[in-house]
Every structure is written in C-alpha cells, then in structure tokens.
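Visitor: only geometry, no sequence info:
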C-alpha cells in the first residue's frame, strides 16, 4: 500500500504527507491508554485510602465527584491535547504522529470532539476491533472516528509543500508592515504556528493577488480560523491582515533564532 498521501488544497497547493499505519498508531494508542489507566489507578487508590475514611455521606459525594473528574480526564485527554498541541497527544508525539483535517489543515475542537466520541464505536467489540477493521479496508488508514470527522493521522517528519497551479513559485511574500502598526501582535503566538501552516500562509500571501476578492476572503478565513482558535484570539478580525502579521512575526522569530 502506498504510504504517501498527496492533498491538493483549494488554493492549488499540493501538500504531501506520509500516512501513519496501524503499527505506529497502535504504539501511540498504547502509550496514551497506559497514561489513562495510570490516572484511573491513581483515582481508585485515592478513593480506596482516603475518601472511604471521611464517612458515608461525604465519601459518597467526593467519590461521585472523583468519578466525574476521571471520566472527564479519560475522554477529554484526547480532545485537549489534539486541539492545543497541533493534533498530537503524548503518545502521538512520542511516535512522531499528528491528526490533521483531510484538507491538510489543523484539526479544530469540533473535529476532535467528533473523532473521539466515535472512539466508543471504534473500540467495539473489544480493543479497537471495529476501528482496526475499518483501517484495514480504508486506503488512508482511517478509523470510523476519522471518517466521521474528516481527519487523518500522518507522520510529522516527512511533510512537503509545493504549488500545483500554473503560477510560477515565488520565494515568498514581502510584508512591509511596521511592528507598531500591527493590529493583533498582542495575542499572536508565533510558536504555535507549525511549519506546514507557515508554508500554506506563504503560498496564500504570494498568490492572493491573482484571486477574486470573494475567493480571497474565503480562503483567508479557511486558513486563519484554526490558527486564531488555537491562539485564543477574536474571530472578528481581518483574516488577510492577520495572516500577514502571523507570517511576519513567525519569519522574524525564525530569523532571530537562526
């Protein structure tokens, strides 16, 4: 089976990823499951040795609260890490994997919530039986949760971007906005912007002059929205200007560290 996955985005940028197969995903899931089981054992130990000594009424209340917290940790673990850590849980990071949208964009909260809620079905009848069967018959190694959310799991070390349209590739846009005139520098966090995102932003800024205004606005919003969400910024912004400032701050940070 071909392990390379090539995605052509609407702006005619071809993004190549290496698919994450069953083996690497299994070991990543094993690490994550081990961490969650450890959390459950800690919760059980606390309940057994401390809460039961507080009396029936108080012990029952605290036990119920503890059970809710363990449930929230168990199911929220994947969503929190995937949304805040560029599609990577601790297990995926250890194996060099991450979750992305099937269009090549970063995963959002709703996408992560869907893929992880469907995890219950993937787990049936035991230890990802349904998910494993789905991955075996799916060309992109997607489990049911991935198919429902429109997500993919890819390897992070072999990512490549290149334009596929007829417009010659340029070295990159020139952003000449004085730092004091930036509108969003107060909450832009360049360290959260990944290299694939920088590449997509660069291609957009380079090609935007060739796009009709409605298409340009739509594309800027599509690229910027997950980055804005990741940084906790406002959605009431000029997405085009936001991408300019992100690119300028990210490239200046890269040049300074280099």
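Guide: Here it is on my side, so go on. Being a predicted model, the structure only gives us computed values, none of them experimental.
Visitor: report whether residue 188 is found in a strand, as I expect.
Guide: No: assessed with DSSP: H, G, I helix; E, B strand; the rest coil, residue 188 is coil; it does not lie in a strand.
Visitor: that one - how many residues pack around it?
Guide: Residues contacting residue 188 under the criterion other C-beta atoms under 10 Å number 20. All C-beta spots, glycine's among them, are computed from the backbone N, C-alpha and C.
Visitor: give me every residue that touches it.
Guide: Residue 188 makes contacts with 182, 231, 233, 242, 245-246, 249, as judged by C-beta atoms under 8 Å, 6 or more residues apart in numbering.
Visitor: which of those ranks first by neighbour count?
Guide: In terms of neighbours by other C-beta under 10 Å, those top out with residue 246 at 27 neighbours.
Visitor: name the helix or strand for that one, please.
Guide: helix 239-257 (DSSP states H and E).
Visitor: same check on residue 41?
Guide: Using DSSP H and E, residue 41 falls in helix 22-49.
Visitor: what do you get for residue 155?
Guide: If you go by DSSP H and E, residue 155 is part of strand 151-163.
Visitor: what does the helix or strand encompassing residue 147 contact?
Guide: Using DSSP H and E, the secondary-structure element containing residue 147 is helix 144-149. For helix 144-149, the external contacting residues (C-beta under 8 Å, 6+ apart) are 107, 111-112, 114-119, 121-122, 130-131, 134, 138, 140, 151-153.
Visitor: picking up where we left off before, give the other helices and strands that the helix holding residue 246 contacts.
Guide: Contact here means 3 or more C-beta pairs under 8 Å, 6 or more residues apart in numbering; DSSP states H and E; on that basis helix 239-257 packs against helix 195-207, helix 213-231.
Visitor: in the protein, which residue is closest to the centre?
Guide: Taking C-alpha atoms, centre = their mean, the centroid of the chain lies closest to residue 87, which sits 2.7 Å from it.
Visitor: how about that one, phi and psi?
Guide: Dihedral pair for residue 87: phi 80, psi 20, per degrees, to the nearest 10.
Visitor: relative to helix 213-231, how tilted is the helix holding residue 246?
Guide: 50 degrees (axes from the mean of the first three to the mean of the last three C-alpha atoms, to 10 degrees).
Visitor: okay, the angle between helix 239-257 and helix 195-207?
Guide: Put simply, helix 239-257 runs at 120 degrees to helix 195-207, going by the same axes, to 10 degrees.
Visitor: state the mean pLDDT of helix 239-257.
Guide: Averaging pLDDT along helix 239-257 yields 83.
Visitor: which residues are in contact with that helix?
Guide: 173, 175, 177, 182-185, 188, 190-191, 193, 198, 201-202, 204-205, 208, 216-217, 220-221, 223-225, 227-228, 233.
Visitor: which residues are in contact with residue 83?
Guide: Residues near residue 83 by C-beta under 8 Å, 6+ apart: 107-109, 112, 229-230.
Visitor: quick one: which of the residues you listed has the most company?
Guide: Neighbour counts for the contacts of residue 83 (other C-beta under 10 Å) peak at residue 107, which has 24 neighbours.
Visitor: per-residue confidence at that residue?
Guide: Residue 107 is assigned 85 on the pLDDT scale.
Visitor: verify the stated contact: it with residue 81.
Guide: No: the pair residue 107 / residue 81 is not scored as a contact, 10.8 Å apart, by C-beta atoms under 8 Å.
Visitor: and the helix holding residue 246, what's buried?
Guide: By 16 or more other C-beta atoms under 10 Å, the buried positions in helix 239-257 come out as 239-240, 242-251.
Visitor: got any ranges where the stretch 151-258 of the chain has weak pLDDT?
Guide: Applying pLDDT under 70 to the stretch 151-258 of the chain flags the ranges 157-175, 254-258.
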